[in-house]
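J.: This is a predicted model, with the sequence first.
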Amino acid sequence: MADPAAAVRTADSLAAGQADTTAALLSAQEFDACALQASPTDLLRRSRRVRATWGAAAIALAAATTLAVTAAGDTAAPGPSTAAPAAAFRPADLVRTPAQAWDDTSRVDFTAWPARGSRSHDDALLGRALATWAHPPAGTRVRLAPATTAAAPATAPQLLYAGDVADRTVVLLYDGTRLARYSETRSSAQAAELSAARTDDADLTTAAAVSLASGKSGARYLLAPWISEASIRDLLRPDVLARPLRTAKDGVTQPVPSASAGPGCENRPVLQLRSSSRIVEKHSFLLADRGGLSPAHLTYVPLPGKGRPPGRPREATGSAALVAWGHLACALGSLGDAGVRSVNAWDFAEQHLPDSGGTAVWTCARADTWSGPGEVTVTLRTSRDTPTAPARTVARARKTAACSRFGQNIAATTGWRSPRGHWYVLAAGSRAVTHLSVSGDASATNEGRTLDVPAPRRPRTHVRATLSTGEQLNGLGPQ
């Protein structure tokens, strides 16, 4: 509320010529910008303005949300907009890690990668890459992995690579949680592509390789500076030794053959890498290309042994692991590029089969994604199968904790036809299972971790398991 006395004093001073007119008016509280002065019409006008402001803010928020939607697949960047684009960082702002930082740090991940490539100081190229990530021009092909935001980096990203790869020029950037790969044809910057994927909490293995380019001749990778040896092996040929993979001084590999396309499953090549002894002694591991920026880490848990605690995932380079993955390799294609970080094959039970059917091994293959949710595939393979025969798929489950450290118990069931042509229901459970009960087209119970019972053709059943703690567990299988 204005002070009437102050107004009177101001008027008196003006009349007496004691002050400059402008100075007096500005010194009066009626002209104080901090004082609220509103008439009824002012309030109505203000209300209309507030409503209009909130409407504009809602439209802006919706537009921002649309840009940040996480999606998988290719999309074209929108056309020119009247909105101001996000500010891009300059090439001089890029973070560059010293070449030997990985050898003197306890954090072995993408932050330890140095800037490599013949064009790592090409400011024009780096500027285009940064500008495209901040605000993709119209016509840019943008590919986002699941659960990956399209937002521009909030801080200056780290430069990992810039150079010519086959017929394209590639820039690889990292902002602490995401990888971004910018590429353009070597003859023109018009046909640009931008791919981004989550890589938060990457480690020694999941930050060991990044796909730079792929084509008819295969995929080329940029390997981590701590990789001392690289080779290729075919999962479908577990008894064949890995063959060396040539790698340039800047860490770029020769083309790695792609997995056979189509309904057939003729080969499943994977990277077999060995870490430098400066990091860990005698450590080799497998990475499988899933079509994304970073290949998936393959691990294995063997059958439980008597008197031994439950196993933890180990590298899938041993003979038993390679045999298991030989039967699972063709199933890798069903995962697609779903932002898969790692896939673990867990042989959780072994069962003697009726009608001289030999033995069966039950496996739960769990694919973990960078965003958290996992997918499991339960399979069954028998001793009568050939080394390259795909394992029989028993069940699938999505967005589940099963077969992880948060879901360490599992039971499953399936129908099976014996070599003599008889049908059975088979069921098996993991280490802590003490009792099994199946119902449906066939019914039976059994003390122990495995069960088989005669059944009609292609039976559909449900299994329920009892754990050593007394807890009940619903199993997986055809419903």
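T.: Received, thanks.

J.: Select the helix or strand of this structure having the lowest average pLDDT value.
T.: Here the helix or strand of the chain ranked lowest by mean pLDDT, DSSP states H and E is helix 21-27, holding a mean of 37.

J.: quick one, helices of this protein?
T.: Assigned by DSSP state H, the chain shows helices spanning 4-15, 21-27, 40-68, 123-134, 319-328.

J.: Spatially nearest residue to Glu266, not counting backbone neighbours?
T.: Among residues not flanking Glu266 along the chain, Ser260 sits closest, at 4.1 Å (CB to CB, 6 or more residues apart in numbering). C-beta here means a position set from N, CA and C on the backbone, and glycine is covered the same way.

J.: ok, the one you found to His462 distance?
T.: In this view, Ser260 and His462 are 37 Å apart by CB to CB, to the nearest Å.

J.: In this structure Gln242 contacts Ile232, no?
T.: Gln isn't right for residue 242; it's Ala. Yes: between Ala242 and Ile232 there is a contact under CB atoms under 8 Å: 6.2 Å.

J.: what do those two both touch?
T.: Gln272 (CB atoms under 8 Å, 6 or more residues apart in numbering).

J.: that older thread, contact partners for the residue nearest to Glu266?
T.: Ser260 sits next to Glu266, Asn267, Arg268 when contact means CB under 8 Å, 6+ apart.

J.: quick check, nearest of these to His297?
T.: Comparing those against His297 with CB to CB picks out Arg268 as the nearest, at 15.3 Å.

J.: which residues does the closest one contact?
T.: Asp234, Leu235, Leu236, Ala259, Ser260, Ala288, Ala329, Cys330, Leu332.

J.: Run a quick neighbour tally on the fourth one.
T.: If I follow you right, that is Ala259. Look at Ala259: counted by other CB atoms under 10 Å, it has 21 neighbours.

J.: What of the last one?
T.: The number of residues packed near Leu332 is 24, by other CB under 10 Å.

J.: thinking it is in contact with Arg290, fair?
T.: Yes: the criterion here is CB under 8 Å, and Leu332 meets it with Arg290 at 7.5 Å.

J.: shared neighbours of the two, anything?
T.: Residues touching both Leu332 and Arg290 by CB under 8 Å, 6+ apart: none at all.

J.: what's the spacing between stretch 428-440 and its chain's center?
T.: Computed by CA atoms, centre = their mean, to the nearest Å, the chain-centroid distance of stretch 428-440 equals 33 Å.

J.: in the stretch 351-479 of the chain, which segments are predicted with low confidence?
T.: Applying pLDDT under 70 to the stretch 351-479 of the chain flags the ranges 479.

J.: one more time with 90, if that's ok
T.: Within the stretch 351-479 of the chain, the ranges that satisfy pLDDT under 90 run 371-374, 386-388, 399, 405, 477-479.

J.: Now Thr382. Nearest residue, chain neighbours left out?
T.: The spatially closest residue to Thr382, leaving aside those adjacent along the chain, is Ala360, at 4.8 Å (CB to CB, 6+ apart).

J.: which ones are touching the one you found?
T.: Residues in contact with Ala360 (CB under 8 Å, 6+ apart) are Glu350, Gln351, Leu353, Leu380, Arg381, Thr382, Ser383, Trp416, Leu426, Ala428.

J.: Show me which of those is closest to Thr299.
T.: Arg381 (18.1 Å).

J.: Report the separation between the closest one and Gly264.
T.: Counting by CB to CB, the gap from Arg381 to Gly264 is 19 Å.

J.: ok, now Gly470?
T.: Distance from Gly470 to Gly264, by CB to CB: 48 Å.

J.: Could you do Thr149 as well?
T.: Distance from Thr149 to Gly264, by CB to CB: 37 Å.

J.: cool, and Gly357?
T.: For Gly357 relative to Gly264 (CB to CB), the value is 28 Å.
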